[in-house]
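S.K.: 3D, please:
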Amino acid sequence: MSKEVVSADAAPEAIGPYSQAIKADGFVFASGQIALDPDTGEMVSGGVQPETERVLENIKAVLAAAGTSLEKVVQSTVYLADMAEFPAMNEIYARYFPARLSVPLTSREMFALWRRMSMTVAMMAKMRTYLSEPNRSRGRRNAATSKTAAALIEARDT
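M.R.: Below you'll find the model as predicted:
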């Protein structure tokens, strides 16, 4: 399995010994994002709604740097400092994931979040996948089969 580190200039830099995301086997595993403004390095103020918007914009930038998007997210975990804020968080979250894009969502209350933020989000997203290089190089018949399979996979993923 190959892994590739993802780094997005439009999202806050990792502030520890981790990366913003890893691409592996056709998936993107994004690290939890917090409401840091990538331009100022400061936490967004105003409560859970502006924090949710900043976090999702940060994740959107990381996914774009990985070659994917929110539309390809297959799982999302939200950690809230206070579950009473779930409706306010979900109002913003629903703008990024309308019903047609809905993904499995796990929400958990998490105490002592870093820098006293209200929430954080972690996601996984599927990338377009194509047959591996060895399968493409076995002759004309397999090359044609690989092109057909790649077209079917691409059609399925769009």
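S.K.: where along this protein do the helices fall?
M.R.: Listed in chain order, the helices of the chain (DSSP state H) span 48-65, 86-96, 133-136, 140-157.
S.K.: what's the distance between the residue nearest to residue 60 when sequence neighbours are not counted and residue 94?
M.R.: Excluding the flanking residues, the one nearest residue 60 by C-beta to C-beta, 6 or more residues apart in numbering is residue 70, at 5.7 Å. All C-beta atoms are positioned from the backbone trio N, CA, C, and that covers glycine. Note on residue 70: its distance to residue 94, by C-beta to C-beta, to the nearest Å, is 12 Å.
S.K.: more neighbours: these two, which one.
M.R.: The residue with more neighbours, out of residue 70 and residue 94, is residue 70; 17 against 12, by other C-beta atoms under 10 Å.
S.K.: for the more buried one, what are its contacts?
M.R.: Residue 70 makes contact with 56, 59, 60, 63, 96, 97, 101, 125, according to C-beta atoms under 8 Å, 6 or more residues apart in numbering.
S.K.: reformat the residues you listed as TSV; add neighbour count, pLDDT and distance to residue 20.
M.R.: As requested, those are arranged in TSV below (neighbours: other C-beta atoms under 10 Å; pLDDT from 0 to 100; distance: C-beta to C-beta, whole Å):
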residue	neighbour count	pLDDT	distance to residue 20
56	21	96	14
59	26	96	9
60	19	96	12
63	26	96	10
96	18	93	18
97	17	87	20
101	13	64	22
125	26	73	13
